[in-house]
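Undergrad: The following block contains a protein sequence and its predicted model.
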Amino acid sequence: MTLQERLTADLYAAMRKGDTHRKEAIRMIKAAIQNAEIEWQRPASDEEVQGLIAREIKRRVEAIELFRKGHRDDLVNAEEIEVGILREYLPQQLGREQIIEVVRRIANDMGVSGPAQMGPVMRQAMAELKGKADGRLVNEIVREILGQ
């Protein structure tokens with residue numbers, strides 16, 4: 001079953017159960033997929049769908065920060081629920097310690113020791129951790145390790 005088929009099946013299940021948050025979250029991601037497919041003029045692969053889901057999660061996390069600043073707790077709660085729902089469709093995210101191990105291994109393999117060579121390490125780390133870790137966290141860890 002492809003990720004899009006799973007989304008469709010879950011949408012129908014949410015509609016039958018009356019799960020408004022799940023229904024809205026899935027509808028939003030299906031619309032984003034459809035728009036991307038129109039733009040690309042081809043069907044999206046599972047990896048591309050995961051990228052679109054990750055982008056939607058990132059947008060919602062940014063919205064949560066803004067809603068918190070505006071003291072809109074009702075909107076924060078709704079967005080957090082939808083973020084949780086969307087994360088179910090992504091692979092398990094690596095923890096900080098696992099990312100540190102990967103970045104250290106990459107830096108050692110490349111023979112990198114200082115912050116001047118951060119670019120190549122970031123490129124390699126993001127290629128290896130794509131979809132498994134947040135880019136902001138990877139960047140932070142690379143800076144810590146190379147800055148030592």
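TA: It's in.
Undergrad: ranges for the helices of this structure?
TA: 3-17, 20-40, 46-69, 73-87, 96-110, 118-129, 135-147 (DSSP state H).
Undergrad: how about those helices in a markdown table, adding mean pLDDT and mean neighbour count?
TA: Where you see a C-beta, it was placed from the backbone N, CA and C, and this is true even at glycine. Output for these, formatted as a markdown table (pLDDT from 0 to 100; neighbours: other Cβ atoms under 10 Å):
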| stretch | mean pLDDT | mean neighbour count |
| --- | --- | --- |
| helix 3-17 | 95 | 15 |
| helix 20-40 | 95 | 16 |
| helix 46-69 | 92 | 16 |
| helix 73-87 | 93 | 16 |
| helix 96-110 | 89 | 15 |
| helix 118-129 | 88 | 16 |
| helix 135-147 | 87 | 16 |
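Undergrad: wait, doesn't residue 6 sit right on residue 89?
TA: Yes - between residue 6 and residue 89 there is a contact under Cβ atoms under 8 Å: 7.3 Å.
Undergrad: got a list of what the residue with the largest distance to the centre of the chain touches?
TA: Distance from the C-alpha centroid of the chain, by Cα atoms, centre = their mean, peaks at residue 111 (29.6 Å). Counting by Cβ atoms under 8 Å, 6 or more residues apart in numbering, residue 111 touches no other residue.
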